[in-house]
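1. Here you go, sequence then predicted model.
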2 protein chains.
Amino acid sequence: MRTYLDCFPCFLKQALRAARIATDDEIKIKRVLDEVGMMLRDIPLDSTPPQSGRLIYRKVSEVTGDSDPYREIKKESTQKALSLYPYLKSRVEKANDRLLTAIRIAIAGNVIDFGAYGNFDLNREVDEVFEKDFAVFDYNKFKHGLDKAREILYIGDNAGECVFDRILIEEITKPVTYVVRDAPIINDATYEDAVQAGIDSIATIISSGTDAPGAILETCSAEFKKMYHHSNFIISKGQGNYEALSNEMGPIFFLLKIKCQVIANDIGVDEGDIVLKANGD
Amino acid sequence: MRTYLDCFPCFLKQALRAARIATDDEIKIKRVLDEVGMMLRDIPLDSTPPQSGRLIYRKVSEVTGDSDPYREIKKESTQKALSLYPYLKSRVEKANDRLLTAIRIAIAGNVIDFGAYGNFDLNREVDEVFEKDFAVFDYNKFKHGLDKAREILYIGDNAGECVFDRILIEEITKPVTYVVRDAPIINDATYEDAVQAGIDSIATIISSGTDAPGAILETCSAEFKKMYHHSNFIISKGQGNYEALSNEMGPIFFLLKIKCQVIANDIGVDEGDIVLKANGD
């Protein structure tokens, strides 16, 4: 996905939010805003938002001196998600369509996004997701692709969300490779976060090689790119990965909750919608 | 009021909104964002927001080539407000407390603010304002001051809103001087807008001498400043004038609807609240 004009105020808003988490020093936070303001002119409209997100959050770290402002928030998200795990699992056990219920749960977990939100109500999200209609619902295509696939490449998004992804992975009877960011960026899941969520016992965890908040292929490792291009079934979670991969070829299914108007417009749905979208549809 | 950190993303958002009204040319709009981004470093936290608003909206005009993007919107606002005038007037006629009802109406008109909002529902605002509790209600002080005053300095805010101000001015049995901006900025009222609202038949209209979206005294004309300092009863409408004047001395009453979290925090109220606030309280 390209960068839209509305992304620019949002870049500044995200920088402000992250800087406030990193420091209480108003002068430093102001400097973050000054620096990010000056970066805007170098952001082309044909770049993807996570390319800029990467630079902006790095700038926040550089100015505030905190390389991982969301460290504690990520741990708390994982603990909160783990506390919900038995309930979520029971919902799958009772479901008529276990796979679909697990997909819904994986999407509910996508609300844990401190790039898009300052706060959110995870419990409410979980309550609502079982009843909510999908705005894009390529479920038959998903099931068909999953049946044919030998193994699954599952590109994760946020810490805490990994626990919700685990529920879905546990319903998939094929080998799964779970992809995390190479370094901390916003509250995106890294190797450690995936392990804390228990993903290591059900999938192979690999790094995409990028420290951007989305799997922008040109910033990913050769190993990941090879895996990506050889994959015949890819699940991409969340907005950042959608932004990074929506123009790429490949048998990708995007699972996400729509948390901003820009992405809503890009997909042709509404903010708050849930989406299971096959690439190219 | 000082500039808060949250004002910075908002500056960019406002620039984007104004640029979009001025032009459809995405390249020009992007240039506006680039230029405004670079201006942020020169905005000190101890300046008032309208000081920056002035520079930012001037930049929008400079880059887009449109010196008054809100021209048509202002005319439409005045027409819409004039169409409501008979109804508003009838509400005053039927009221137990005519002055208070007219104050409520004047505040309802403050929703016509294209700096704070992309859009709003004027009819709903009018419906709600008669029932709404004031978050700050220095009404007794207001009445007492009004009784003692020989004449009133009424600092207007937006086009369209002038019609609502007219309702209040018509309930004031003292000479009123109505203050408008010296040049078009956002949808703020200039001389022409006040005349279109019919203010000229009930008050003397003067320019504050500023082209900022708020009566920042240091940017106002000597004539206006003299009048301000000699006044013993001043009504200040809206957020921009509050931002400009909240730290100034003087017998000012701020009448406004709270349209952003920053001003809500500064006053200690909530977004959406209505306020009748004596200076210094």
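-> Done, it's in. Worth saying up front: this structure is predicted, and the values here are computed from it rather than measured.
2. Okay, now stretch A:89-106: how far is its last residue from its first?
-> In stretch A:89-106, first residue to last residue: 12 Å (CA to CA, to the nearest Å).
3. buried stuff in that stretch?
-> For stretch A:89-106, a neighbour-count test (16 or more other CB atoms under 10 Å in any protein chain shown) marks A:91-92, A:95, A:99-106 as buried. For the C-beta atoms, the positions are set from N, CA and C on the backbone; glycine is no exception.
4. Give me the distance from the helix or strand bottoming out on mean pLDDT in chain A to the chain's centre.
-> Taking all helices and strands of chain A together, the one with the lowest average confidence (mean pLDDT, DSSP states H and E) is helix A:122-129, at a mean of 92. Chain-centre distance of helix A:122-129: 17 Å, with CA atoms, centre = their mean, to the nearest Å.
5. State the mean pLDDT of stretch A:33-41.
-> Averaged across stretch A:33-41, the pLDDT comes to 98.
6. Just the ones in helices from the buried residues of stretch A:89-106, please.
-> When the buried residues of stretch A:89-106 are checked against helices using DSSP state H, the ones located there are A:91-92, A:99-106.
7. Can I get those residues in TSV including pLDDT and distance to A:Glu171?
-> TSV is the format used below for those (pLDDT from 0 to 100; distance: CB to CB, whole Å):
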residue	pLDDT	distance to A:Glu171
A:Arg91	97	12
A:Val92	98	7
A:Leu99	98	5
A:Leu100	98	9
A:Thr101	98	8
A:Ala102	98	4
A:Ile103	98	8
A:Arg104	97	11
A:Ile105	97	9
A:Ala106	98	9
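8. With respect to chain B, which of the residues you listed is nearest?
-> Proximity to chain B was ranked across those by CB to the nearest CB; first place goes to A:Ala106, at 30.9 Å.
9. My guess is the closest one contacts A:Leu256. True?
-> No: under the criterion of CB atoms under 8 Å, A:Ala106 makes no contact with A:Leu256, lying 9.6 Å away.
10. residues shared between the contacts of those two?
-> When CB atoms under 8 Å, 6 or more residues apart in numbering or on different chains defines a contact, the residues bordering A:Ala106 and A:Leu256 alike are A:Lys237.
11. what's the nearest residue to the closest residue to chain B within the stretch 151-281 of chain A if we skip its chain neighbours?
-> Using CB to the nearest CB, the single residue of the stretch 151-281 of chain A nearest to chain B is A:Gln261, 11.0 Å away. If the residues on either side of it in the chain are set aside, A:Gln261 comes closest to A:Glu271, at 5.5 Å by CB to CB, 6 or more residues apart in numbering or on different chains.
12. What score does the one you found have for pLDDT?
-> The per-residue pLDDT of A:Glu271 was computed as 97.
13. ok, it touching A:Cys260?
-> Yes: counting by CB under 8 Å, A:Cys260 is a contact partner of A:Glu271 at 6.7 Å.
14. between these two, which one's more packed in?
-> Using other CB atoms under 10 Å in any protein chain shown, the more surrounded residue of A:Glu271 and A:Cys260 is A:Cys260, with 19 against 13.
15. Who are the contact partners of the closest residue to the more buried one other than its chain neighbours?
-> Excluding the flanking residues, the one nearest A:Cys260 by CB to CB, 6+ apart is A:Ala116, at 5.8 Å. Remark: with contacts taken as CB under 8 Å, 6+ apart, A:Ala116 is in contact with A:239, A:259-260.
16. How is A:Ala116 classified with respect to secondary structure?
-> coil (DSSP: H, G, I helix; E, B strand; the rest coil).
17. want to throw the buried residues of stretch A:89-106 into TSV with distance to A:Asp200?
-> Rendered in TSV, the data for the buried residues of stretch A:89-106 read as follows (distance: CB to CB, whole Å):
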residue	distance to A:Asp200
A:Arg91	23
A:Val92	20
A:Ala95	26
A:Leu99	22
A:Leu100	26
A:Thr101	24
A:Ala102	19
A:Ile103	22
A:Arg104	24
A:Ile105	19
A:Ala106	18
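18. near chain B, from those residues?
-> When contact is defined as CB under 8 Å from any CB of the partner chain, the buried residues of stretch A:89-106 do not meet chain B at all.
19. Out of those, which comes closest to B:Asn158?
-> Distance to B:Asn158, by CB to CB, is smallest for A:Arg104 among those, at 46.0 Å.
20. quick one: contacts for the closest residue to the closest one other than its chain neighbours?
-> Of all residues not flanking A:Arg104 in the chain, A:Val129 sits nearest, at 4.8 Å (CB to CB, 6+ apart). With CB under 8 Å, 6+ apart as the criterion, the residues that contact A:Val129 are A:104-105, A:107-108, A:274.
21. And the furthest pair within the residues you listed?
-> Looking at the contacts of A:Val129 by CB to CB, the two members farthest from one another are A:Ile105 and A:Ile274, with 11.1 Å of separation.
22. sorry, back to before: of the contacts of A:Ala116, which belong to helices?
-> Assignment to helices by DSSP H places the following of those there: A:Gln239.
23. In TSV, list the contacts of A:Ala116 along with distance to A:Ala18.
-> What follows is these, written out as TSV (distance: CB to CB, whole Å):
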residue	distance to A:Ala18
A:Gln239	16
A:Lys259	16
A:Cys260	16
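24. So which of the contacts of A:Ala116 is the closest to B:Thr210?
-> Nearest to B:Thr210 among the contacts of A:Ala116 is A:Cys260, at 36.2 Å by CB to CB.
25. Make sure that closest one is actually in contact with A:Pro9.
-> No: between A:Cys260 and A:Pro9 no contact is recorded; they are 11.3 Å apart, counting by CB under 8 Å.
26. returning to that earlier point: any buried residues in the least confident helix or strand of chain A, and which?
-> Judged by neighbour count (16+ other CB under 10 Å), helix A:122-129 contains these buried residues: A:122, A:125-126, A:129.
27. what does the stretch 1-150 of chain A have sitting close to chain B?
-> Contact residues, the stretch 1-150 of chain A versus chain B (CB under 8 Å from any CB): A:5-6, A:8-10, A:12-13, A:16, A:20, A:26, A:29-30, A:33-41, A:45.
28. Of the residues you listed, which count as buried by neighbour count?
-> Of the members of the residues of the stretch 1-150 of chain A next to chain B, the ones counted as buried by neighbours, 16+ other CB under 10 Å, are A:5, A:8-10, A:12-13, A:16, A:20, A:29-30, A:33-40.
29. Low-confidence stretches in the stretch 151-281 of chain A?
-> Counting by pLDDT under 70, the low-confidence segments of the stretch 151-281 of chain A come to A:280-281.
30. If we use 90, what do you get?
-> Counting by pLDDT under 90, the stretch 151-281 of chain A contains low-confidence residues at A:249-250, A:280-281.
31. quick one: the strands in it?
-> Using DSSP state E, counting those that start in this stretch, the strands of the stretch 151-281 of chain A run over residues A:152-155, A:176-180, A:204-207, A:234-237, A:252-257, A:274-278.
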